[in-house]
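J.: I'd like to go over a predicted model; first the sequence, then the structure.
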Protein chains: 2
Amino acid sequence: MSDAQSTRPARPMSGVLSPVVTPFDADLRPDGARFVRHCQWLLSQDVGLAVFGTNSEGNSLTVGEKIGLLDTLAEAGVPTARMMPGTGTCALGDTVELTRHAVKLGVGGVLMLPPFYYKGNTDEGLFRSFSEVIQRVGDSRLKIYLYHIPPVAQVPITLTVIERLLKAYPGTIAGVKDSSGDWANTNAMLEQFQPAGFDVFAGSESFLLQTLRGGGAGCISATANVNPGPIAKLAATWQRADADEQQAGLDAVRTVFQGYVMIPALKAAIAHYGDDAAWTTVRPPLVELETAQQADMVTRLNAVGFTMPGLAVGAR
Amino acid sequence: MSDAQSTRPARPMSGVLSPVVTPFDADLRPDGARFVRHCQWLLSQDVGLAVFGTNSEGNSLTVGEKIGLLDTLAEAGVPTARMMPGTGTCALGDTVELTRHAVKLGVGGVLMLPPFYYKGNTDEGLFRSFSEVIQRVGDSRLKIYLYHIPPVAQVPITLTVIERLLKAYPGTIAGVKDSSGDWANTNAMLEQFQPAGFDVFAGSESFLLQTLRGGGAGCISATANVNPGPIAKLAATWQRADADEQQAGLDAVRTVFQGYVMIPALKAAIAHYGDDAAWTTVRPPLVELETAQQADMVTRLNAVGFTMPGLAVGAR
């Protein structure tokens, strides 16, 4: 058992989660077998499964594909309590259907985007969006982590909306992933809502130590797909003297990935270190890294001592 | 037969189309009967049916709901050749399913958003997005109008992508709706692509006269839901001496609607002038106009001589 695993908090939805990258076959269909294998590796590194997040290409999947992948994971024995699937879509009916299915499977929580096509919404409109879903799902097991990611969704979830939701649905609104990249906003959530048990997750490990020191729950990070062990270790040992040093090590790896388009870069790393080229496939509008970019990235990763220990090697 | 109808161009996909607003019942389900009635009224005013556009709350509907509404229209005898349904979604499978169904019903064309969750895409990625859909639908009857609406989708379709698509799929790429609000961009499309038969539609009647003078096909406009006759009249008679005067009249009405959130304002106008309060319902994240706002809007509309002639009055 790893150092991180031994000290993992008892609550399943704390520490580090990864928006699990979704493998596709040559015809762009989701590849269930590779998906299960990657999820199992992440769990072995003490990282939970925020499947269908932004970095999962979750919004390039149909509701049917997402339900199919959830079923595949559950049938493979992947513990649903360690899952926080992304279930927020543009259409109320889609969000309700997917959320209901996830809850039925016993997921630890769901990560919910607001409807993200229409911009410039009022707080009232956003409140109603979440409220309608909660009432239609109508299940006391539902735990919602609000997904605040204005740089991509372009639809922020304001503190005022969170406050209203918490008041109306205290047993259901469980926390937030703050991918604003704005520490002042994360800090405001930590001060205003975390004391009431509303779990604040940083949107990446860049803010992991700060978030934990502020009383937060952990982080949900793209790069936890490739660097899970060290990130989980910091989450488990952040009160030790070497925490800042650990954080610097995480930042060095993340900086390399940030030099490329994140999703194809993550997949290229898994393809390279797992010797499994099929992993490079992405769905449009994304494009895989060029061969030279991939080689350049690997050189830079090797230079900072990056490895993926325990990753299954080869296509089988 | 109205003045506009008598001179409507022979091509079904030119002149004026409306992103038809979608009526909902009290439980937020699409209301097929009211939808059919509004479509029939628009056609009677010589306005085509760009159902499931931005102002249709098209992205708040599931694929199943959109297919159901298309079937309802077809079964009611609404001519599918006058329809240009919005079929572009975030997920390849959804876009293919909806587009395939629309083509099977014999629609005049489809209005296709790029996948709009992931931002900052490359031209290559956007090209592949459309290309994959075209190949998977695999039907020579498919006519795609590209939907360029950066203020909302936040994913622009560049001139370079259009050029590549036209070269690769000349029989399929039929035109564009330019909702950039940037006349320089519309003009570049008119100069670069319209001469080859690529039909440029302005994103609103504000640019209708300019677009027609530049050789374009017409406009697809939110306010054509409420002011269809006068907009269609300008499209049919734009070479007359009074064209600028007509344009000014259209602008005066549009300016009133632009003083409110557009979709609830359109629905409030239909509810008021049709004496049918059910029309005010919107899906979250939108919120209906407040009573005072609606009254204020009606006062301003009456002041500019606005009417909705021929609109069925009352809930039946």
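T.: Received the coordinates, thanks.
J.: for the stretch 51-200 of chain A, just list every one of the helices.
T.: A:63-75, A:92-104, A:123-137, A:150-153, A:159-168, A:183-192 (DSSP state H, counting those that start in this stretch).
J.: and among those, the most buried is which?
T.: Ranked by mean neighbour count under mean count of other Cβ atoms under 10 Å in any protein chain shown, the helices of the stretch 51-200 of chain A are led by helix A:92-104, which reaches a mean of 22. To be clear about C-beta, it is placed using only N, CA and C from the backbone, and glycine gets the same treatment.
J.: count the neighbours of residue A:307 for me.
T.: Residue A:307 is flanked by 13 other residues according to other Cβ atoms under 10 Å in any protein chain shown.
J.: what does residue A:196 give?
T.: 9.
J.: model confidence score at it, please.
T.: Residue A:196 carries a pLDDT value of 92.
J.: distance check, it against residue A:170.
T.: 8 Å (Cβ to Cβ, to the nearest Å).
J.: could you do residue A:301 as well?
T.: From residue A:301 to residue A:170 the distance is 44 Å (Cβ to Cβ).
J.: could you do residue A:291 as well?
T.: Taking Cβ to Cβ, one finds residue A:291 at 52 Å from residue A:170.
J.: residue A:38 reaches residue A:23, doesn't it?
T.: Yes - contact criterion Cβ atoms under 8 Å: residue A:38 and residue A:23 qualify, at 7.1 Å.
J.: now the strands for chain A?
T.: Assigned strands in chain A, in chain order: A:15-18, A:48-49, A:110-112, A:144-148, A:173-178, A:199-202, A:218-220 (criterion: DSSP state E).
J.: mind checking how far the last one is from the chain centre?
T.: Chain-centre distance of strand A:218-220: 8 Å, with Cα atoms, centre = their mean, to the nearest Å.
J.: cool, and the shortest one?
T.: A distance of 7 Å separates the C-alpha centroid of strand A:48-49 from that of its chain, computed with Cα atoms, centre = their mean.
J.: pLDDT on it, on average?
T.: 98.
J.: also the fourth one?
T.: The average pLDDT for strand A:144-148 rounds to 98.
J.: could you do the third one as well?
T.: Averaged over strand A:110-112, pLDDT sits at 98.
J.: identify the residues contacting it?
T.: A:50, A:52-53, A:84-88, A:95, A:99, A:102-103, A:130, A:133, A:142-147, A:177, A:220 (Cβ atoms under 8 Å, 6 or more residues apart in numbering or on different chains).
J.: one more time with 7 Å
T.: The contact list for strand A:110-112, computed with Cβ atoms under 7 Å, 6 or more residues apart in numbering or on different chains, reads A:50, A:53, A:84-88, A:99, A:102, A:130, A:144-147, A:177.
J.: equivalent analysis for the last one, please.
T.: The set of residues that contact strand A:218-220 without belonging to it, under Cβ under 7 Å, 6+ apart, is A:14-17, A:19, A:50, A:177, A:201-205, A:207-208, A:211-212, A:235.
J.: cool, the second one as well?
T.: Residues from elsewhere that reach strand A:48-49, judged by Cβ under 7 Å, 6+ apart: A:12-13, A:15-18, A:20, A:39, A:42, A:82-84.
J.: so which of those residues sits lowest on pLDDT?
T.: Ranked by pLDDT, these bottom out at residue A:12, which has 60.
J.: tell me which parts of the stretch 201-316 of chain A are close to chain B?
T.: By Cβ under 7 Å from any Cβ of the partner chain, the part of the stretch 201-316 of chain A that sits against chain B consists of A:283-287.
J.: distance of the closest residue to residue A:141 other than its chain neighbours from chain B?
T.: Closest residue to residue A:141 apart from its sequence neighbours, by Cβ to Cβ, 6 or more residues apart in numbering or on different chains: residue A:103 at 5.4 Å. Applying Cβ to the nearest Cβ, to the nearest Å, the value for residue A:103 to chain B is 19 Å.
J.: might you report the residue contacts of residue A:103?
T.: A:137, A:139, A:141-142.
J.: ok, it to residue A:110 distance?
T.: 7 Å.
J.: hmm, back to that, which of the contacts of strand A:110-112 ranks first by neighbour count?
T.: residue A:50 (34 neighbours).
J.: mind putting the helices of the stretch 51-200 of chain A into TSV with distance to residue B:295?
T.: Written out in TSV, the entries for these read as follows (distance: least, Cβ to Cβ, whole Å):
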stretch	distance to residue B:295
helix A:63-75	40
helix A:92-104	29
helix A:123-137	20
helix A:150-153	34
helix A:159-168	27
helix A:183-192	38
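J.: can you say which of these is nearest to residue B:267?
T.: Taking Cβ to Cβ, helix A:123-137 is the member of the helices of the stretch 51-200 of chain A nearest to residue B:267, at 14.2 Å.
J.: okay, now the unreliable bits of the stretch 1-150 of chain A?
T.: A:1-12 (pLDDT under 70).
J.: let's see that with 90 instead.
T.: Scanning the stretch 1-150 of chain A for pLDDT under 90 picks out A:1-13.
J.: point out the residues in it that sit beside chain B.
T.: A:28, A:59-62, A:65, A:90-94, A:114-119, A:121-122, A:124-126, A:128-129, A:132.
J.: of the contacts of strand A:218-220, keep whichever come out buried.
T.: The neighbour count (16 or more other Cβ atoms under 10 Å in any protein chain shown) marks A:14-17, A:19, A:50, A:177, A:201-205, A:207-208, A:211-212, A:235 as buried among the contacts of strand A:218-220.
J.: return the subset of the residues of the stretch 201-316 of chain A next to chain B lying in helices.
T.: Residues of these located in helices (DSSP state H): none.
J.: so which of those is the most crowded?
T.: Going by other Cβ under 10 Å, residue A:285 tops these with 27 neighbours.
J.: which residues touch that residue?
T.: Here residue A:285 is in contact with B:114-115, B:118, B:121, B:125-126, B:129 (Cβ under 7 Å, 6+ apart).
J.: ok, the residues you listed vs residue B:166, which is closest?
T.: Scanning those for proximity to residue B:166, where the rule is Cβ to Cβ, the winner is residue B:126, at 13.7 Å.
J.: tell me how far that closest one lies from residue A:288.
T.: In terms of Cβ to Cβ, residue B:126 sits 15 Å off from residue A:288.
J.: in terms of neighbours, single out the busier of residue A:301 and residue A:170.
T.: With neighbours defined as other Cβ under 10 Å, residue A:301 and residue A:170 compare such that residue A:301 has more, 22 against 12.
J.: just checking, the more buried one touches residue A:254?
T.: No - with contact defined as Cβ atoms under 7 Å, residue A:301 does not count as touching residue A:254 (10.9 Å).
J.: overlap in contacts, those two.
T.: Contacts common to residue A:301 and residue A:254, judged by Cβ under 7 Å, 6+ apart, are absent.
J.: now do the contacts for the nearest residue to residue A:294 once chain neighbours are set aside.
T.: Residue nearest to residue A:294 in three dimensions, not counting chain neighbours: residue A:268, with 4.6 Å by Cβ to Cβ, 6+ apart. Going by Cβ under 7 Å, 6+ apart, residue A:268 touches A:280, A:289, A:294, A:297.
J.: now, which of the residues you listed sits nearest chain B?
T.: The shortest approach to chain B among those belongs to residue A:289, at 11.6 Å (Cβ to the nearest Cβ).
J.: show the pLDDT at residue A:314.
T.: If you check residue A:314, the pLDDT there is 80.
J.: number of residues surrounding it?
T.: Residue A:314 - counted by other Cβ under 10 Å - has 7 other residues nearby.
J.: just residue A:238 next, same as before
T.: Neighbour tally, residue A:238, other Cβ under 10 Å: 18.
J.: identify the residues contacting the closest residue to it other than its chain neighbours.
T.: With Cβ to Cβ, 6+ apart as the criterion, residue A:238 has its nearest non-adjacent residue at 4.5 Å, and that residue is residue A:212. The contact partners of residue A:212, by Cβ under 7 Å, 6+ apart, come to A:218, A:235, A:238.
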